[in-house]
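[1] Predicted model and sequence follow; I will ask about them next.
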Amino acid sequence: QVQPVESGGGLVQAGGSLRLSCGASGGTFRSYAMGWFRQAPGKEREFVSVVSWGGRSTYYADSVKGRFTISRDNANNLVYLQMNSLKPEDTAVYYCAAGRTSYDYLPKLQRDFASWGQGTQVTVSS
């Protein structure tokens, strides 16, 4: 089973950028879609973005579309989330997750992801 580990969070001013990375060990990384979710204080965890197992297809939540870009490097078992034009409402713990079913196209529900990282904090100051 693929096990994700996130890095790259931090504190940034509104309008700034951050890039999150997710390294994955175990399993057959390139066979699974990879997603990013986030959880803000007092709120439920929500979907942010997903990239297909081959990396050719992506999908974004409306709240981040046009500002965030997801990508993957299957040769090195890495997934990235480039976050631009950050807003205070993007403040959350960001989680990387591996799809539950190999070659599943673009899962978006939490139940469609089997393995989760420990999360990395992103704080956007106004």
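    It's in.
[2] Just want the most central residue of this structure.
    W36 (2.2 Å; C-alpha atoms, centre = their mean).
[3] Next one: that residue from S63, what distance?
    W36 sits at a distance of 12 Å from S63 (criterion: C-beta to C-beta, to the nearest Å). (Glycine included, C-beta is placed from N, CA and C.)
[4] circling back: what is the residue nearest to the centre of the chain paired to in the beta sheet?
    Applying DSSP bridges to W36 yields these beta-bridge partners: S49, C96.
[5] quick one: the strands in this protein?
    Assigned by DSSP state E, the strands in the chain fall at 3-7, 10-13, 18-25, 34-39, 46-51, 58-60, 68-73, 78-83, 92-99, 113-116, 120-125.
[6] packing partners for the shortest one?
    What that stands for is strand 58-60. Judged by 3 or more C-beta pairs under 8 Å, 6 or more residues apart in numbering; DSSP states H and E, strand 58-60 is in contact with strand 46-51, strand 68-73.
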